[in-house]
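**Q** okay, here's the prediction I keep looking at, along with the sequence it came from:
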Amino acid sequence: MCGIVGYNGYRPSVEVLIQGLHRLEYRGYDSAGITIHQDGELRTIKKCGKIRDLEKTLPTDMAGSMGMGHTRWATHGVPNDINAHPHLDSSGKIALVHNGIIENHHALRQLLEGEGHTLGSETDTEVLAEYIGYIYGRNSVSFPDAVRMALTKVVGAYGIVAMCEDEPELLVAARLGSPLVLGVGEQEMFVASDATPIVEYTRNVVYLSDGEMAMVNRISYEVLSITHNIPVHKSEQQVDLTLEQIEKGGYPHFMLKEIMEQETTIPDAMRGRMDFPTGKVNLGGIRDWQNRLLDSDWIYITACGTSWHAALIGGFLIEALVGIPTKVEYASEFRYRKLIINPKTTVMAISQSGETADTLAAVHKANEAGTLTMGIVNAVGSSVARETNCGVFIHAGPEIGVASTKAFTSQLTVLMLVSLLLAQQAGESSQEVASVLKELAVIEDKVKQVLAQSDAILDLAREYQDSNNFLYLGRGFQFPIALEGALKLKEISYIHAEGYPAAEMKHGPIALIDENMPVVVMALKDRTYEKVLSNIQEIKARKGRVIAVANDVEPELEKLTDHIIQVPTTHRLLLPLLTVIPLQLLAYHIAVLRDCHVDQPRNLAKSVTVE
């Protein structure tokens with residue numbers, strides 16, 4: 001979950017690296033560092049804290065046209081200057097930056113210490129740097145061969161870039177389970193965890209696959225198989241990303257920008273896929289697999305975090321519109337459970353980054369069982385996209401804020417399209433399908449109406465910013481929204497929040513309710529509405545304060561609640577697209593009022609590439 005950037009070219013590398021680290025800071029931000037090849041030696045500066053703290057310590061005479069940088073999310077070892085990357089071996093000749101986990105680092109450490117090597121940090125990365133140096137120093141091999149030989153002994157996951165004092169014009173990069181992309185420019189080359197640091201200079205990229213390493217000089221690159229030590233042909237691709245997309249565009253935070261972008265990202269997820277005049281759905285990424293999807297005895301949807309909440313709604317949608325039994329599993333549990341997966345089941349994997357380690361492991365397990373695998377991802381070229389049989393991109397654009405917002409609603413939109421397509425392929429022409437299609441055509445305007453309430457929700461946030469606990473309640477399709485609302489609040493404001501099915505409140509959580517407990521209730525006008533009103537009465541009887549999200553404000557609801565956030569009326573299957581937005585805004589405004597780091601909440605990182 002760390003960010004890596006490397007540069008080899010004609011520009012001052014310090015400027016390129018620092019700018020690249022800022023672009024990657026959403027991937028990790030507890031320490032940062034850079035190594036430059038300068039005047040025949042490696043020069044390294046690293047610092048605990050944000051990248052701005054690193055910038056303050058950079059010597060003015062630090063210069064060179066090749067280097068690498070790293071921004072860290074701590075796994076092994078607390079955040080401090082010593083554990084920060086890059087790590088050097090004891091000879092000072094080898095420098096390494098690393099994303100991932102070396103699972104056999106204890107065994108490697110024992111080997112090295114048995115040979116008299118001393119290690120100064122708590123990290124698994126320093127062990128790998130020392131091991132590469134150990135091989136390089138005692139064998140008559142090239143630096144790239146030393147890296148490759150070391151990696152053949154590594155158990156775990158990694159994306160690395162390495163430098164050697166003896167190689168002033170060579171970066172060595174490698175990946176296994178952690179993404180790396182090469183940027184191919186004019187007389188310059190880049191390496192990074194993703195394309196965000198690269199698009200400022202070039203749109204030509206090469207995605208490394210697992211088990212591959214690249215030797216990168218100023219004008220070219222060569223890719224080899226780590227295991228077989230043979231060349232691998234790679235094709236360059238054009239990255240679909242603009243500089244404007246990865247900048248704040250006048251907003252104070254990326255999160256607010258991304259919340260507001262939902263008025264375009266939701267329709268973008270449908271663009272070219274939904275023919276509203278005919279009501280036909282066309283998803284090219286699964287066209288050849290539609291019949292097999294429909295022939296599934298069972299569908300599993302697997303994901304983590306916010307994507308898991310989208311998966312819950314996706315499961316409801318498939319069962320409601322298509323009638324195929326669907327089960328939603330945490331990806332972190334999927335790989336360790338004995339599940340009924342075989343060629344007659346389908347496994348859908350949802351991941352914004354397409355690199356989530358747990359979700360990838362679930363895909364691997366499903367592939368081994370001969371199951372049809374389908375990916376729903378945002379990042380083109382990502383591992384989930386490559387390793388599933390078929391899939392659909394959500395086209396939400398880059399999401400820089402660690403707390404996912406627009407990706408969630410784009411995932412919901414794609415899941416709705418998948419469900420509608422399967423229903424149509426199965427010959428389903430119910431009134432419900434027709435009603436959903438009609439409402440999808442106007443959902444953009446209704447999203448705008450909800451976003452326009454941001455200032456009013458800010459006023460509401462002021463009233464509750466000092467609360468220590470929140471409870472979120474919902475029924476049916478709104479239960480996952482309650483979960484998502486609670487997750488957003490605790491992610492960025494550090495307020496303890498829990499989401500529950502509304503009917504479950506009386507089976508335990510009601511014990512917590514008092515005058516200091518705000519309760520957010522999804523009070524939508526559907527067949528459970530009267531039951532939800534009863535839940536609200538139970539809350540008020542215990543002096544709880546109620547914030548209702550409602551699409552039809554009746555006198556009884558007004559009488560029972562302290563605050564109401566109204567959303568437009570739409571089909572019940574589409575209401576989650578509208579009801580989640582006020583909860584995103586509420587979490588955002590409370591976090592800002594509490595002076596929290598909204599885009600970079602403590603202990604979290606955007607792309608979770610470790611298990």
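**A** Arrived safely.

**Q** any idea how many residues pack against residue 481?
**A** Other residues near residue 481 come to 31 when the count uses other Cβ atoms under 10 Å. No exception for glycine: its C-beta is placed from N, CA and C like everyone else's.

**Q** list the buried ones in the helix or strand where residue 6 lies?
**A** Using DSSP states H and E, residue 6 sits within strand 3-8. In terms of neighbour count (16 or more other Cβ atoms under 10 Å), strand 3-8 has its buried residues at 3-8.

**Q** average pLDDT for it, rounded please.
**A** Mean per-residue pLDDT for strand 3-8: 95.

**Q** helices or strands up against the next helix or strand after that strand?
**A** Later in the chain than strand 3-8, the nearest helix or strand by DSSP H and E is helix 13-24. Packing partners of helix 13-24 (3 or more Cβ pairs under 8 Å, 6 or more residues apart in numbering; DSSP states H and E): strand 3-8, strand 31-38, helix 51-57, strand 66-72, strand 189-192.

**Q** what are the pairing partners of the fourth one, and which direction each?
**A** Translated: strand 66-72. Partners of strand 66-72 in the sheet, by DSSP bridges, are strand 3-8 (antiparallel), strand 31-38 (antiparallel).

**Q** elements contacting the following helix or strand past that strand?
**A** Proceeding N to C from strand 66-72, the next assigned helix or strand is strand 87-88, under DSSP H and E. Contact here means 3+ Cβ pairs under 8 Å, 6+ apart; on that basis strand 87-88 packs against strand 94-102, helix 124-138.

**Q** give me the average confidence score over the longest one.
**A** When you say that, I think you mean helix 124-138. Across helix 124-138, pLDDT averages out at 92.

**Q** what residues does that helix touch?
**A** Contact with helix 124-138 is made by 75-76, 85, 87-91, 93-98, 101-102, 105, 108-109, 111-112, 115, 117, 119-120, 141, 143, 146-147, 149-150, 153-154, 156, 158, 160, 162, 164, as judged by Cβ atoms under 8 Å, 6 or more residues apart in numbering.

**Q** got a PyMOL select line for the buried ones in these?
**A** Buried members of the contacts of helix 124-138, defined by 16+ other Cβ under 10 Å, are picked up in PyMOL with:
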select buried, resi 75+85+87+88+89+90+93+94+95+96+97+98+101+102+105+108+109+111+112+117+119+143+146+147+149+150+154+156+158+160+162+164
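
**Q** and residue 35, how far is that from residue 45?
**A** Note on residue 35: its distance to residue 45, by Cβ to Cβ, to the nearest Å, is 8 Å.

**Q** neighbour-wise, which of these two wins?
**A** Comparing residue 35 with residue 45 by other Cβ under 10 Å, the one with more neighbours is residue 35, at 29 against 20.

**Q** thought that one was touching residue 164?
**A** No: Residue 35 is beyond contact range of residue 164, at 10.8 Å (criterion: Cβ atoms under 8 Å).

**Q** run through who's touching stretch 508-518.
**A** Contacting residues not belonging to stretch 508-518 are listed as 464, 467-471, 498, 500, 519, 538-539, 542-547 [Cβ under 8 Å, 6+ apart].

**Q** repeat that with 7 Å
**A** Residues from elsewhere that reach stretch 508-518 (Cβ atoms under 7 Å, 6 or more residues apart in numbering): 464, 467, 469-471, 498, 500, 519, 538-539, 542-545, 547.

**Q** mind checking which of those are in strands?
**A** 469-471, 498, 500, 519, 545, 547 (DSSP state E).

**Q** now these as a markdown table including neighbour count and pLDDT?
**A** Output for the ones in strands among the contacts of stretch 508-518, formatted as a markdown table (neighbours: other Cβ atoms under 10 Å; pLDDT from 0 to 100):
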| residue | neighbour count | pLDDT |
| --- | --- | --- |
| 469 | 16 | 94 |
| 470 | 24 | 96 |
| 471 | 24 | 95 |
| 498 | 17 | 94 |
| 500 | 20 | 93 |
| 519 | 29 | 95 |
| 545 | 20 | 92 |
| 547 | 23 | 96 |
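
**Q** and the furthest pair within the residues you listed?
**A** Distance extremes for the ones in strands among the contacts of stretch 508-518: the farthest pair is 500 and 545 at 16.6 Å, using Cβ to Cβ.

**Q** mind listing the helices for the stretch 401-550 of the chain?
**A** Per DSSP state H, counting those that start in this stretch, the stretch 401-550 of the chain carries helices over the ranges 406-425, 431-440, 443-451, 454-464, 479-493, 529-540.

**Q** of the contacts of stretch 508-518, which is the nearest to residue 458?
**A** Once Cβ to Cβ is applied, the member of these that ends up nearest residue 458 is residue 464, at 11.3 Å.

**Q** look at the spatially closest residue to that closest one that is not a sequence neighbour and say how many residues are nearby.
**A** Spatial nearest neighbour of residue 464, excluding adjacent residues (Cβ to Cβ, 6 or more residues apart in numbering): residue 518 at 5.2 Å. Per other Cβ under 10 Å, the neighbour tally for residue 518 reads 24.

**Q** now residue 541
**A** Residues near residue 541, counting by other Cβ under 10 Å, number 10.

**Q** likewise for residue 441?
**A** A total of 14 residues lie near residue 441 under the criterion other Cβ under 10 Å.

**Q** ok, it touching residue 278?
**A** No: look at residue 441 against residue 278 with Cβ atoms under 7 Å: they stay out of range, at 11.8 Å.

**Q** measure residue 385 to residue 374 for me?
**A** Counting by Cβ to Cβ, the gap from residue 385 to residue 374 is 11 Å.

**Q** next: residue 235.
**A** 24 Å.

**Q** the more surrounded of those two?
**A** Set residue 235 next to residue 374 and count neighbours by other Cβ under 10 Å: residue 374 wins out with 26 against 6.

**Q** gap between the residue nearest to residue 31 when sequence neighbours are not counted and residue 295?
**A** The shortest distance from residue 31 to any non-neighbouring residue, by Cβ to Cβ, 6+ apart, is to residue 84 (3.7 Å). As judged by Cβ to Cβ, residue 84 and residue 295 stand 52 Å apart.

**Q** these two: who's more crowded?
**A** A direct count of neighbours by other Cβ under 10 Å for residue 84 and residue 295 places residue 84 higher, at 27 against 12.

**Q** ok, the more buried one touching residue 33?
**A** Yes: using Cβ under 7 Å, residue 84 is in contact with residue 33, at 4.9 Å.
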